[in-house]
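A.B. asks: Starting from these lines, generate the structure:
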Amino acid sequence: MALSNLIAQREALERQQAELTKAIAEAQMHARREVIAQIKQLMAEHGLVAADLAESGRGKRGPKPSLADAPAPGRSKVAAKYRDPNTGETWSGRGLMPKWLRAAVDAGHSRDEFAV
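C.D. replies: So this is what the prediction gives:
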């Protein structure tokens, strides 16, 4: 296929895409207008106004959740698994092993000896 044919096809497809995009937007706008008209008709039939819609939802959802109920941002504390009997320092078992425990393990002690 020649380059000029490809360019012409691309331009035709882009025009078609623009037409389809416009048609979709018009269809959505038409559907929206129909829904609004139906809502207005139902409101008129039942004697409702917009303020009635705002009032109807109150009291049915329950209280708003407080900030105290929300989880804390960031990471939560992890319980200590190991404790240094000399200094009282602790380690959760996550991350790098602390120097005091590394020295004890290198000296032949077991991690289990320091378990909390």
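A.B. asks: Please tell me how far the lowest-mean-pLDDT helix or strand in the chain is from the chain's geometric centre.
C.D. replies: Counting by mean pLDDT, DSSP states H and E, the chain has its least confident helix or strand at helix 50-56, which shows a mean of 79. Its chain's C-alpha centre and that of helix 50-56 lie 30 Å apart, by Cα atoms, centre = their mean, to the nearest Å.
A.B. asks: tell me what the following helix or strand past that helix is packed against?
C.D. replies: The helix or strand immediately downstream of helix 50-56 is strand 82-83, counting by DSSP states H and E. Using 3 or more Cβ pairs under 8 Å, 6 or more residues apart in numbering; DSSP states H and E, the elements in contact with strand 82-83 are strand 90-91. No exception for glycine: its C-beta is placed from N, CA and C like everyone else's.
A.B. asks: Going by neighbour count, list what's buried in the next helix or strand along the chain from the strand it packs on.
C.D. replies: Downstream of strand 90-91, the first helix or strand assigned by DSSP H and E is helix 99-106. Of the residues in helix 99-106, 100-101, 104 count as buried by neighbour count, 16 or more other Cβ atoms under 10 Å.
A.B. asks: List the contacts of the least confident helix or strand of the chain.
C.D. replies: Applying Cβ atoms under 8 Å, 6 or more residues apart in numbering, helix 50-56 has no contact partners.
A.B. asks: centre of the chain versus stretch 74-83, how much separation?
C.D. replies: 26 Å.
A.B. asks: Buried ones in it, by neighbour count?
C.D. replies: So stretch 74-83, judged by 16+ other Cβ under 10 Å, has buried residues 82-83.
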